[in-house]
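Enquirer: mind folding the following:
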Amino acid sequence: MDIKAVHMKLLLLGANGQVGRELQRSLAPLGELKACDRNTVDFIDLAGLQNLVRNYRPDVIVNAAAYTDVDKAESEEAKAYKINSEAVDLLAKEAKALNAWLIHYSTDYIFDGTKKDAYKEEDETNPKSVYGKTKLQGERAIIQSKCKHLILRTSWLYSIYGNNFLNTIIRLAKEKKKLRVVSDQIGAPTSAELVADVTSLCIFRILQDDLLSEDIIGIYHLTSTGKVSWHDFAKYVIIEAQKFGDIFLTNPENIIAVKTSEYVLPAKRPANSLLNTQKMCKTFNLYLPSWQIHADRVIKELYLREA
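Expert: Just a heads-up that it's a prediction; the model follows:
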């Protein structure tokens, strides 16, 4: 047994979010885990955040906390900036001072979505929303701090917990006879479970291999594989949910495809949210499954919990 891993101290921030809840499970075998939600530390309170890190002195900081209300961020820019950029800058500097690793999550929104194929880590960034801009500022703060870090960009997240597209579609399909869903935005739906599991595997790798760890520092794309539109994903969710006997007012054929231009929202969405994951798979020797695999798992789990 490698005693080093047993005595590692990990600090998880954003523990009650979609990814955070899954990380509480997946990080537990790696060492002593302190899981903090917004009731423990508020990212608006930078002094409190700093004190938490300095008092606990973790070997690894996993930051799953973020301002994620994409549309609300357009009218709450200062708050989004403080949480997604200023607080992240503080964490990066504290990680550098402790010689700790910082694992941080970012987003496809740092791209403008106009590329024809999947985005690579080195592709030019061009965020079109406040949310995307603040997340990109957070990324840059980490890089500039020169702390040991993994920045994991993901997209189209969902889980059994909270407000996300999958849960929303199931709820709305029980309330309405027709649904209008955009069909000209594509991505790879990615479960929080997959993100958490891969995160733990990456951390295990960097903690076990000091010689390689410096080379591993950087940005990685972490999503499921394959691609689908929001419209087709919505139809898929309802078709799979019907297999568990659930009754909907909206049948799959009544989910109407609309263009983004017909569904106006405060924040601009990327038309292409696909992220190329080859670097992640090659560096960490991982296989990332198709988006349908975890979608099926989450839908099944939702109905088994209700049974």
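
Enquirer: can we go C-alpha only for contacts and neighbour counts from here?
Expert: Fine.

Enquirer: what distance do you get for the residue nearest to Asp197 when sequence neighbours are not counted to Ser229?
Expert: Nearest residue to Asp197, sequence neighbours excluded (C-alpha to C-alpha, 6 or more residues apart in numbering): Ser26, at 5.8 Å. With distances taken as C-alpha to C-alpha, to the nearest Å, Ser26 is found 29 Å from Ser229.

Enquirer: of all residues in the protein, which one is nearest the centre?
Expert: Thr154 (5.0 Å; C-alpha atoms, centre = their mean).

Enquirer: list of residues touching stretch 116-131?
Expert: The contact list for stretch 116-131 (C-alpha atoms under 8 Å, 6 or more residues apart in numbering) reads 67-70, 73-74, 77, 80, 109-112, 133, 136, 219-221, 267-269, 272-277.

Enquirer: pull out the buried residues from the strand or helix carrying Ile142.
Expert: In the assignment (DSSP states H and E), Ile142 maps to helix 130-145. Buried residues in helix 130-145, counted by 16 or more other C-alpha atoms under 10 Å: 130-139, 141-143, 145.

Enquirer: ok, and what's touching the helix or strand following it?
Expert: Sequence-wise, the next helix or strand downstream of helix 130-145 (DSSP H and E) is strand 148-154. Residues outside strand 148-154 that contact it (C-alpha under 8 Å, 6+ apart) are 95-96, 99-108, 139, 142, 190, 214, 216-223, 275.

Enquirer: out of those residues, which are inside helices?
Expert: Judged by DSSP state H, helices contain the following of the contacts of strand 148-154: Ala95, Lys96, Glu139, Ile142, Glu214, Ile216.

Enquirer: could you dump these to a markdown table with distance to Lys116 and pLDDT?
Expert: Putting the ones in helices among the contacts of strand 148-154 into a markdown table (distance: C-alpha to C-alpha, whole Å; pLDDT from 0 to 100) gives the following:
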| residue | distance to Lys116 | pLDDT |
| --- | --- | --- |
| Ala95 | 37 | 98 |
| Lys96 | 37 | 98 |
| Glu139 | 24 | 98 |
| Ile142 | 29 | 98 |
| Glu214 | 33 | 75 |
| Ile216 | 28 | 92 |
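
Enquirer: Val41: which of these is nearest?
Expert: When the ones in helices among the contacts of strand 148-154 are ranked by distance to Val41 (C-alpha to C-alpha), Ala95 comes first, at 16.9 Å.

Enquirer: report how many residues lie close to the closest one.
Expert: Ala95: 26 surrounding residues under other C-alpha atoms under 10 Å.

Enquirer: so it sits against Ile103, correct?
Expert: No. Counting by C-alpha atoms under 8 Å, Ala95 stays clear of Ile103, with 10.1 Å between them.

Enquirer: overlap of the contact sets of those two?
Expert: Ile61.

Enquirer: just the buried residues of whichever strand or helix holds Val237, please?
Expert: Per DSSP H and E: Val237 is located in helix 230-242. In terms of neighbour count (16+ other C-alpha under 10 Å), helix 230-242 has its buried residues at Trp230, His231, Asp232, Phe233, Ala234, Lys235, Tyr236, Val237, Ile238, Ala241.

Enquirer: and for stretch 55-74?
Expert: For stretch 55-74, burial by neighbour count (16+ other C-alpha under 10 Å) applies to 57-67, 70-71, 73-74.

Enquirer: and stretch 183-190, how far out from the chain's middle?
Expert: 15 Å (C-alpha atoms, centre = their mean, to the nearest Å).

Enquirer: can you list the residues that contact it?
Expert: 154-158, 223-232, 257-260, 270-274, 291, 294-295.

Enquirer: same thing but 7 Å
Expert: 155-158, 223-231, 257-260, 271-274, 291 (C-alpha atoms under 7 Å, 6 or more residues apart in numbering).

Enquirer: kindly report the same for stretch 275-295.
Expert: With C-alpha under 7 Å, 6+ apart as the contact definition, stretch 275-295 has outside contacts at 118-120, 188-191, 202, 220-226.

Enquirer: which ones among those residues lie within strands?
Expert: Thr190, Ser191, Tyr220, His221 (DSSP state E).

Enquirer: mind picking the two most distant members of those?
Expert: That would be Ser191 and Tyr220, which, of the ones in strands among the contacts of stretch 275-295, are the farthest apart (C-alpha to C-alpha) at 16.6 Å.
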